[in-house]
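>>> Sharing a sequence plus its predicted fold:
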Amino acid sequence: MTAHHPEQGSGDGAAQLAHELRDAITRLNRRVRQARPVGDLTIAQLSALTSLELAGALTPRELADLERVQPPTMTKIVGRLEEAGLVQRAPHPTDGRQVILSATERGRVVYAQFERSRDQWLAQRLSELTGPERAALAAAAEILQRVARG
């Protein structure tokens, strides 16, 4: 990976930094997603459970759209999560043809364990950095939050 040089022309420098940040964030995200408790759930199932936990409740179509998968794929994912007792269906309040999916209490516990394992993995990696490196990442995290808000 190439180091970003702020003295480059603003367009070239911003484009290069954008590329480097996107690459670093993608790689870090991939590593954090892999840091999960050993279990029977796939990454796709954990992702769907995470979306339901964060959203509170979604229709199967909303969940499929959010996860960027086709509805038949989401049907299989939700079926496995239901079999494991992690997701429940409820009637849609205004559309009798629809159902609402939400995490069960057990699903929320599994999600919390998943989050803890990811946080522990990342905390361990961060503890290996120097104080100034951690301070730089703290500042970068704040800036990235601002960028993400648009």
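Yep, that arrived.
>>> and the longest helix for this structure?
helix 10-34 (DSSP state H).
>>> Please identify the buried residues of that one?
Within helix 10-34, no residue counts as buried by 16 or more other Cβ atoms under 10 Å. For the C-beta atoms, the positions are set from N, CA and C on the backbone; glycine is no exception.
>>> go on, stretch 110-120?
V110, Y111, F114, R118.
>>> quick check, the third one in a strand?
No - checked against DSSP: H, G, I helix; E, B strand; the rest coil, F114 lies outside a strand; its state is helix.
>>> I'd say it and T50 touch.
Yes - with contacts counted by Cβ atoms under 8 Å, F114 reaches T50, the gap being 7.4 Å.
>>> Leaving out the residues flanking it, which one is nearest to S47?
Closest residue to S47 apart from its sequence neighbours, by Cβ to Cβ, 6 or more residues apart in numbering: E67 at 6.0 Å.
>>> For that neighbour, give me the backbone phi and psi.
The phi/psi pair for E67 (degrees, to the nearest 10) reads phi -90, psi -10.
>>> Relative to K76, how far out is it?
12 Å (Cβ to Cβ, to the nearest Å).
>>> Give me the more crowded residue out of these two.
E67 (17 against 12; other Cβ atoms under 10 Å).
>>> Please enumerate the helices of the chain.
For the chain, applying DSSP H gives helices covering 10-34, 43-55, 60-67, 71-83, 105-127, 131-149.
>>> Dump the last one to CSV, keeping only the CA atoms.
It stands for helix 131-149. Output in CSV follows, covering the C-alpha atoms of helix 131-149 (Å, rounded to 0.1, in the frame of the first residue of the first chain):
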residue,chain,number,x,y,z
GLY,A,131,-0.1,5.2,22.4
PRO,A,132,0.4,7.7,19.6
GLU,A,133,-0.9,5.2,17.1
ARG,A,134,-4.0,4.6,19.2
ALA,A,135,-4.5,8.3,19.5
ALA,A,136,-4.3,8.7,15.7
LEU,A,137,-6.9,6.0,15.3
ALA,A,138,-9.2,7.6,17.8
ALA,A,139,-9.0,10.9,15.8
ALA,A,140,-9.4,9.0,12.6
ALA,A,141,-12.5,7.2,14.0
GLU,A,142,-14.1,10.5,14.8
ILE,A,143,-13.4,11.8,11.3
LEU,A,144,-14.7,8.6,9.7
GLN,A,145,-17.9,8.9,11.7
ARG,A,146,-18.3,12.5,10.3
VAL,A,147,-17.6,11.3,6.7
ALA,A,148,-20.1,8.5,7.1
ARG,A,149,-22.8,10.9,8.2
